[in-house]
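1. When you get a sec, could you give me coordinates for this:
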Amino acid sequence: MDKKKLIRLQFLKKRKKNYFEINDKFFYPLIRLIKKIKNKKKNISLYYPSNYEVNILKILNIAFFAEFTFSLPVIKKNNHMDFFIWKKNDILYLNNYGILEPISSKKVNPSIILVPLIAYDRNKNRIGYGKGYYDRYLNSYLNRHKETLTVGVAFSFQKHHKLPVDKNDFKLDFIITEKGIIK
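-> Below you'll find the model as predicted:
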């Protein structure tokens, strides 16, 4: 088994064992970051949490984000993904991978992408589930939209000393945990 697979399995078990519910304070460093950036677009891509991922849907209850537009990823037949508008009470459907997706047909270009991950390191590298959806999307999308921020979302216990990376892996701009933001 390769190194990434071993790390993935190790951290999936760790996340399941150590999972906890976050509160609004988790997002305070993100709010401070958004206030500092020059890009004033208010479009944030989320992910619908599963498998003991940080429950980022709590962001929807924070007054600061009331005027933001949110989107969720939709996996397309060609193994690519795009983001589509989603509001808190909109109906979702279950895709072939067991992930909830919006029904919306309005595709958006996010200005901030909150990225799920299984493990991260101090260099802001990440390991996801191994299908490469986010890496493909980010490598392609950010060639055209360089001002977009990418923020990995994790618990602090998901930090690994040094992750193996290859040419297809996308390095994030920031990682946010319950202990703050890693720049």
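
2. hey, let's count contacts and neighbours off CA atoms from now on
-> Fine.

3. list the buried ones in the longest helix seen in the chain?
-> As assigned by DSSP state H, the longest helix anywhere in the chain is helix 3-18. Using 16 or more other CA atoms under 10 Å as the test for burial, helix 3-18 gives Lys4, Ile7, Arg8, Phe11, Leu12, Arg15.

4. Now Leu100: closest residue in space that isn't a chain neighbour?
-> Leu94 (4.6 Å; CA to CA, 6 or more residues apart in numbering).

5. any idea how far that neighbour is from Leu72?
-> Per CA to CA, to the nearest Å, Leu94 is found 13 Å from Leu72.

6. cool, and Asp82?
-> From Asp82 to Leu72 the distance is 8 Å (CA to CA).

7. which one of the two has more residues nearby?
-> A direct count of neighbours by other CA atoms under 10 Å for Asp82 and Leu72 places Leu72 higher, at 27 against 19.

8. what sits against that one?
-> For Leu72, the contact set (CA atoms under 8 Å, 6 or more residues apart in numbering) comprises Ser45, Leu46, Tyr47, Tyr48, Phe83, Phe84, Ile85, Trp86, Glu101, Pro102.

9. Assign it to helix, strand or coil.
-> strand (DSSP: H, G, I helix; E, B strand; the rest coil).

10. same question, Tyr129
-> Assigned with three-state DSSP, Tyr129 falls in the coil class.

11. what are the ranges of the strands in this structure?
-> With DSSP state E applied, the chain shows strands at 43-45, 69-75, 81-85, 92-94, 100-102, 107-108, 112-116, 119-120, 126-127, 149-153, 174-177, 180-182, listed in chain order.

12. Phe20: which of those strands is closest?
-> Ranking the strands of the chain by proximity to Phe20 (CA to CA) places strand 174-177 first, at 12.0 Å.

13. could the strands of the chain go into CSV alongside distance to Leu60?
-> Output for the strands of the chain, formatted as CSV (distance: least, CA to CA, whole Å):
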stretch, distance to Leu60
strand 43-45, 11
strand 69-75, 9
strand 81-85, 14
strand 92-94, 16
strand 100-102, 16
strand 107-108, 18
strand 112-116, 13
strand 119-120, 25
strand 126-127, 25
strand 149-153, 15
strand 174-177, 17
strand 180-182, 19
